[in-house]
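> have a look at this fold, sequence not included:
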């Protein structure tokens with residue numbers, strides 16, 4: 001799996017999947033293999049909460065260019081204003097997105113039209129993607145996962161995967177500098193367990 005993750009961390013082609021022109025972008029929420037040019041990316045991601053990645057000749061990095069939410073039709077003659085909102089999108093990533101608001105309804109209602117759940121009812125500054133909250137509700141009902149457990153499990157699992165990617169030992173053993181985890185069980189050696197301020201120890 002680590003080998004595949006390294007292979008997919010670079011573009012497999014430089015041709016746009018839609019128009020066959022040169023492409024530097026990808027959207028992992030749409031496809032893990034398709035790449036897009038900037039024009040096709042804007043066209044296919046109009047009013048979308050997907051955060052695409054751009055290839056910078058060495059790696060992919062998040063691209064927030066063009067990430068914007070426009071009001072639907074029917075507000076041409078209304079007082080429309082723009083507001084920067086912190087949005088936790090489907091993937092759990094925190095983004096600041098300019099969003100069009102209209103004075104004809106409360107901001108919380110407008111955000112709901114965009115598929116966002118406001119953190120507060122009045123003058124919200126932070127919102128959550130509804131699909132992300134729906135995932136948590138399913139895990140909460142079916143697996144009795146707490147909010148803290150949902151966050152901790154997702155983060156700790158990815159941090160371990162991210163560490164394995166950065167170490168490169170699984171791909172190239174020559175990169176191993178001899179450092180070992182003191183907490184991992186060993187045939188010979190000591191296991192170090194930290195007890196200070198470990199409030200979760202009572203569960204064990």
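Arrived safely. Just so it is clear, the structure is predicted and the values come from calculations on it, not from any experiment.
> where does the residue nearest to residue 118 when sequence neighbours are not counted fall, secondary structure wise?
Spatially, and ignoring its direct neighbours in sequence, residue 118 is nearest to residue 124 (3.5 Å; Cβ to Cβ, 6 or more residues apart in numbering). Any C-beta I mention is one placed from the backbone N, CA and C, and that applies to glycine too. Residue 124 belongs to no helix or strand when assigned by DSSP states H and E.
> also residue 133?
helix 130-143.
> from the chain's centre, how far out does that helix sit?
16 Å (Cα atoms, centre = their mean, to the nearest Å).
> do stretch 1-12 as well
That offset, for stretch 1-12, works out to 18 Å (Cα atoms, centre = their mean).
> what about the residue nearest to residue 118, neighbour count?
19 (other Cβ atoms under 10 Å).
> now do residue 23
23.
> residues contacting it?
11, 13, 14, 15, 16, 17, 35, 36, 37, 40 (Cβ atoms under 8 Å, 6 or more residues apart in numbering).
> among these, name the ones in strands.
35, 36 (DSSP state E).
> nearest to residue 49 among the contacts of residue 23?
Closest approach to residue 49 among these (Cβ to Cβ): residue 36, at 16.5 Å.
> isn't the closest one right up against residue 21?
No. Counting by Cβ atoms under 8 Å, residue 36 does not reach residue 21; the two are 9.5 Å apart.
> higher neighbour count, the two?
Remark: of residue 36 and residue 21, residue 36 carries more neighbours, 24 against 13, as counted by other Cβ under 10 Å.
> now that one: closest residue in space that isn't a chain neighbour?
Per Cβ to Cβ, 6+ apart, closest to residue 36 is residue 25, 4.7 Å.
> quick one: neighbours of that neighbour, just the number.
Neighbour number of residue 25 under other Cβ under 10 Å is 22.
> and it, its phi and psi?
phi -110, psi 160 (degrees, to the nearest 10).
> how about residue 95?
Main-chain dihedrals, residue 95, degrees, to the nearest 10: phi -130, psi 150.
> what's the spacing between the residue nearest to residue 118 and residue 131?
18 Å (Cβ to Cβ, to the nearest Å).
> residue 12 too?
For residue 12, the distance to residue 131 (Cβ to Cβ) stands at 27 Å.
> so where do the helices sit in this structure?
All helices of the chain, identified by DSSP state H, fall at 2-7, 38-44, 107-113, 130-143, 147-167.
> any weak-confidence spans in this structure?
Judged by pLDDT under 70, the chain has its weakly predicted residues at 65-66, 73-76, 152-162, 165-171, 173-186, 189-204.
> what about stretch 57-68, distance to the chain center?
For stretch 57-68, the distance to the chain centre is 13 Å (Cα atoms, centre = their mean).
> how about it: buried residues?
60, 63, 67 (16 or more other Cβ atoms under 10 Å).
> turn the helices of the chain into TSV, including distance to residue 92 and mean neighbour count.
Shown next, in TSV, are these (distance: least, Cβ to Cβ, whole Å; neighbours: other Cβ atoms under 10 Å):
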stretch	distance to residue 92	mean neighbour count
helix 2-7	18	11
helix 38-44	22	17
helix 107-113	18	18
helix 130-143	7	12
helix 147-167	7	12
